[in-house]
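**Student:** prediction below, plus the sequence it came from.
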Amino acid sequence: MGSTADKIKGAANEGIGKAKQGLGEAVGSDKMQGEGAAQEIKGKGQKAVGDAKQAAKDVANKAADAANKNL
């Protein structure tokens with residue numbers, strides 16, 4: 001999966017997790033609040049993976065550009 005897809009899925013999971021937490025609080029469901037918190041954390045992790053992939057790609061592109069300039 002590419003960095004953009006990871007970031008999008010991460011943002012979606014984070015948003016859904018926050019919504020679940022709010023709904024769980026509104027209806028008094030500790031289980032739903034917990035599920036929401038877990039999903040939010042999962043989303044943050046997915047976004048971090050996407051950011052790391054993008055950073056690695058940027059470094060590789062800079063190295064390739066530098067190598068091409070030296071040719």
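**Tutor:** All right, it came through fine. Numbers count the residues shown, from 1 in each chain.
**Student:** give me the low-pLDDT residue ranges for the protein?
**Tutor:** By pLDDT under 70, the weakly predicted segments of the chain are 70-71.
**Student:** run through the strands of it in chain order.
**Tutor:** Applying DSSP state E to the chain gives no strands.
**Student:** which residue ranges form the helices in it?
**Tutor:** According to DSSP state H, the chain carries its helices in the segments 3-27, 30-70.
**Student:** just checking, what packs against the first one?
**Tutor:** The elements that helix 3-27 packs onto, with contact taken as 3 or more C-beta pairs under 8 Å, 6 or more residues apart in numbering; DSSP states H and E, are helix 30-70. Backbone N, C-alpha and C define where each C-beta goes, glycine included.
**Student:** which elements pack onto the helix it packs on?
**Tutor:** Other elements packing on helix 30-70 under the criterion 3+ C-beta pairs under 8 Å, 6+ apart are helix 3-27.
**Student:** how far does stretch 26-33 sit from the chain's center?
**Tutor:** Centre-to-centre, stretch 26-33 and its host chain are 24 Å apart (C-alpha atoms, centre = their mean, to the nearest Å).
**Student:** hang on, the earlier thing: let's have the helices of the chain in CSV, adding mean neighbour count.
**Tutor:** Output for the helices of the chain, formatted as CSV (neighbours: other C-beta atoms under 10 Å):
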stretch, mean neighbour count
helix 3-27, 16
helix 30-70, 13
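**Student:** most centrally placed residue in this structure?
**Tutor:** For the chain, Lys47 is the residue whose C-alpha lies nearest the centre (C-alpha atoms, centre = their mean; 1.6 Å).
**Student:** so Lys44 sits right up against Gly10, yeah?
**Tutor:** Yes: counting by C-beta atoms under 8 Å, Lys44 sits close enough to Gly10 to count as a contact (6.7 Å).
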